[in-house]
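Participant: Pasted the sequence and its predicted model underneath.
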Amino acid sequence: MTTESNPLTGDSPAGADSSRPAPPPGCPAHGRGPGGLSRLHESADLKELYEELRAEHGPVAPVLIHDDVPLWVVLGHAESQQLLRSPAHFCKDSRIWSALGDGLVKPDHPLMPHIAWQPMCAHAEGDEHRRLRGAIDVAVAATDFRGLRRHVNRSVQRVVNRFCEAGEAELVGQYAEHLPMAVMCHVLGMPDEYNDRIVEAARDMLRGTETAIASNAYIMDALQRLTARSRAEPLDDFTGHLTRHPAGLTDEEIAQHLRVVLIAAYEATANLLANVLRQVLIDPRFRSQLNGGQMTVPQAVEQLLWDEPPFSTIFAYYAKQETELGGQRIRKGDGLLFAPAPANVDPRVRPDPTADMMGNRSHLAFGGGTHECPGQDIGRVIAEVGVDALLMRLPDVELSVPESELRFTESIASRHLVELPVNFIPRPQQDVLQRPSHENDAPPRQDWHIGVSRPVAAPVPRVEAPAPMPMPVPPPPPATRPEPRGAWQRLLRWWRGY
């Protein structure tokens, strides 16, 4: 099959054969649509499908999404870089998408929330993109990362204190989905809004349930109140920097960008944190490398950004003119899916997909080009400190079910771990201002006497003697926390904010 015979435009055969009955389940053609193209949304295993598409079409493959809307999916690493870094050829403005203009994409299309154009930097181009993205970049650049690490540590203490005494937990629902929201509410400037309800609302929005609209309204209400407070009295936080920026963002632009930052950072970091913890728990070699110092936590995070990027695909780019990509003819108005998951395992850059990628940050988990994720370093800090601090609090944490019982929910956009049940020795709660540690878990030392009470010394006969001259007793030294030994320990203590 060639793209010339099945061009991905509104007048292509891919959209003209909708009268054909769908093949029954189990049929070899199941999952195929008009023109024999694969339906991404019907695949039970997208990783396997991506490799089949790579073998059949090369680094850029034609596919279908819901309602048999045609798209290209970019599977190659180099081709993805070309897509991201060629603003003269590709943009994120869906208003130029041929399928949308030809009526193939209905207003109630399941992916419309991802596709529909909005006046935000994620969809804007040119001067408007520079205006909006410039304000976001300034707000991110103003982040105090040392202070952020300290706050993540304290947030870990609060979250872990909720389950540490039970000796068991479910680390996706009780930890990975809570920690990023607690931190991001602090970063944006609304720490009092963090609670179970806002976590549930974010998850509900991302799942696209029947109550997703109400959940979105709940979050937008919190962000609009934050915007109004910041407009009246801007503080030195993320929202305050957006409010004061010379670009002159309106209240609506500020609230909508806060929503994008909050939800994107929350979902990406929750997925990343869950994936790293899962790898630590299921792979003894991976965990031993961490424990033995052969791998640092930041290196572990980068490895998982290669293996399990938080977003499998990112919607979507559109061709501004006729061009070529990966040997395929791309017509003006065609839509293209940027797909970090298959691009990260492109055999041309990663012949062995199981190989360690130590120190290599050329993965595509955070995109690239003008639309590269602006908050990626904030996400890295949350994931790195979140893993390190949890293992400091619960060093004996173990998976409580066989690895084969772990389940994922998968969509075109992401692969989400459902549950990560664990057990550990129950431990007491800790002061949130204290650095996460298990060293204070041991009971205080006592004198042990088995079978008899503690012996009492016999009285010594009193002997009269001249009274000795009183000796001055020096006062006890003030109680101070011992300084870490060595320059490296002092640097770590400073870096972690303690």
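Facilitator: All right, it came through fine.

Participant: now what about stretch 393-407, what contacts it?
Facilitator: Stretch 393-407 is contacted from outside by 156-157, 160, 164, 168, 278, 281-282, 390-391, 417-425, 427, 430, 436-438, using C-beta atoms under 8 Å, 6 or more residues apart in numbering. For glycine as for every other residue, the C-beta is placed from the backbone atoms N, C-alpha and C.

Participant: tell me the mean pLDDT for it?
Facilitator: Stretch 393-407 shows a mean pLDDT of 96.

Participant: Output the below-cut-off pLDDT ranges for the stretch 51-200 of the chain.
Facilitator: The stretch 51-200 of the chain contains no residues with pLDDT under 70.

Participant: Tell me where it has strands.
Facilitator: For the stretch 51-200 of the chain, the strands defined by DSSP state E, counting those that start in this stretch occupy 60-65, 69-74, 90-91, 168-170.

Participant: Highest mean neighbour count out of these?
Facilitator: Compared across these, strand 69-74 shows the largest average neighbour count, a mean of 26 (mean count of other C-beta atoms under 10 Å).

Participant: Of all the residues in stretch 102-118, which ones are buried?
Facilitator: Neighbour counts over stretch 102-118 (16 or more other C-beta atoms under 10 Å) mark Leu104, Val105, His109, Leu111, Ile115 as buried.

Participant: Touching, the fourth one and Gly335? I think so.
Facilitator: What that stands for is Leu111. No: between Leu111 and Gly335 there is no contact under C-beta atoms under 8 Å: 10.6 Å.

Participant: Narrow the contacts of stretch 393-407 to those in strands?
Facilitator: Applying DSSP state E to those, the entries found in strands are Glu168, Leu417, Pro421, Val422, Asn423.

Participant: out of the residues you listed, which is most surrounded?
Facilitator: Val422 (23 neighbours; other C-beta atoms under 10 Å).

Participant: And His109, how close does it get to Pro119?
Facilitator: Counting by C-beta to C-beta, to the nearest Å, the gap between His109 and Pro119 amounts to 20 Å.

Participant: closest to Pro340 out of the strands of the stretch 51-200 of the chain?
Facilitator: For Pro340, the closest of these is strand 69-74, at 9.8 Å, according to C-beta to C-beta.

Participant: Now do the closest one: which elements does it pack against?
Facilitator: Packing contacts for strand 69-74, counted by 3 or more C-beta pairs under 8 Å, 6 or more residues apart in numbering; DSSP states H and E, involve strand 60-65, helix 98-101, strand 335-338.

Participant: Of those, which is nearest Val140?
Facilitator: Of all these, strand 335-338 sits nearest to Val140, with 21.3 Å by C-beta to C-beta.

Participant: Given that closest one, what are its sheet partners and their directions?
Facilitator: Here strand 335-338 has these sheet partners by DSSP bridges: strand 69-74 (parallel), strand 314-319 (antiparallel).

Participant: Okay, angle between the last one and strand 60-65 too, please.
Facilitator: So that's strand 314-319. With axes from the mean of the first three to the mean of the last three C-alpha atoms, to 10 degrees applied, the angle from strand 314-319 to strand 60-65 works out at 120 degrees.

Participant: now do the first one
Facilitator: Relative orientation of strand 69-74 with respect to strand 60-65: 140 degrees, computed using the same axes, to 10 degrees.

Participant: ok, now how distant is the residue nearest to Leu290 when sequence neighbours are not counted from Gly292?
Facilitator: Leaving out its chain neighbours, the residue that sits closest to Leu290 by C-beta to C-beta, 6 or more residues apart in numbering is Ala300, at 6.0 Å. Separation of Ala300 from Gly292 (C-beta to C-beta): 13 Å.

Participant: between these two, which one's more packed in?
Facilitator: Ala300 (22 against 8).

Participant: continuing past the helix ranked longest in the chain, what's the next helix or strand?
Facilitator: Across the chain, the longest stretch assigned as helix under DSSP state H is helix 251-282. Counting by DSSP states H and E, the next helix or strand C-terminal to helix 251-282 is helix 284-292.

Participant: pLDDT on stretch 312-324, on average?
Facilitator: Mean pLDDT, stretch 312-324: 94.

Participant: buried sites along it?
Facilitator: Those would be Ser312, Thr313, Ile314, Phe315, Ala316, Tyr317, Tyr318, Ala319, Lys320, Thr323, for stretch 312-324 by 16+ other C-beta under 10 Å.

Participant: Just the C-alphas of that stretch, formatted as PDB.
Facilitator: What follows is stretch 312-324, C-alpha atoms only, in PDB (Å, rounded to 0.1, in the frame of the first residue of the first chain):
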ATOM      1  CA  SER A 312       2.500   7.800  24.300                       C
ATOM      2  CA  THR A 313       1.400  10.300  21.700                       C
ATOM      3  CA  ILE A 314       0.700  14.000  21.600                       C
ATOM      4  CA  PHE A 315      -2.000  15.600  19.500                       C
ATOM      5  CA  ALA A 316      -1.300  16.800  16.900                       C
ATOM      6  CA  TYR A 317       0.700  18.600  14.200                       C
ATOM      7  CA  TYR A 318      -0.600  19.700  10.800                       C
ATOM      8  CA  ALA A 319       1.200  20.200   7.500                       C
ATOM      9  CA  LYS A 320       1.300  23.900   6.400                       C
ATOM     10  CA  GLN A 321       2.400  22.900   2.900                       C
ATOM     11  CA  GLU A 322       3.000  19.800   0.800                       C
ATOM     12  CA  THR A 323       6.200  18.200   2.000                       C
ATOM     13  CA  GLU A 324       7.900  14.800   2.600                       C
END
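
Participant: ok, now how distant is Arg150 from Arg435?
Facilitator: Counting by C-beta to C-beta - Arg150 and Arg435 are separated by 9 Å.

Participant: Pick out the lowest-pLDDT one from the ones in strands among the contacts of stretch 393-407.
Facilitator: Within these, lowest confidence goes to Leu417 (94).

Participant: Report how many residues lie close to the residue nearest to that one when sequence neighbours are not counted.
Facilitator: Counting by C-beta to C-beta, 6+ apart, Leu417 lies nearest to Ala274, which is 4.6 Å off, once chain neighbours are set aside. The local packing of Ala274 (other C-beta under 10 Å) involves 25 other residues.

Participant: wait, Ala274 sits on Leu420?
Facilitator: Yes: with contacts counted by C-beta under 8 Å, Ala274 reaches Leu420, the gap being 6.2 Å.

Participant: Mind listing the shared neighbours of these two?
Facilitator: What both Ala274 and Leu420 touch, as defined by C-beta under 8 Å, 6+ apart, is the set Leu171, Val172, Ala176.
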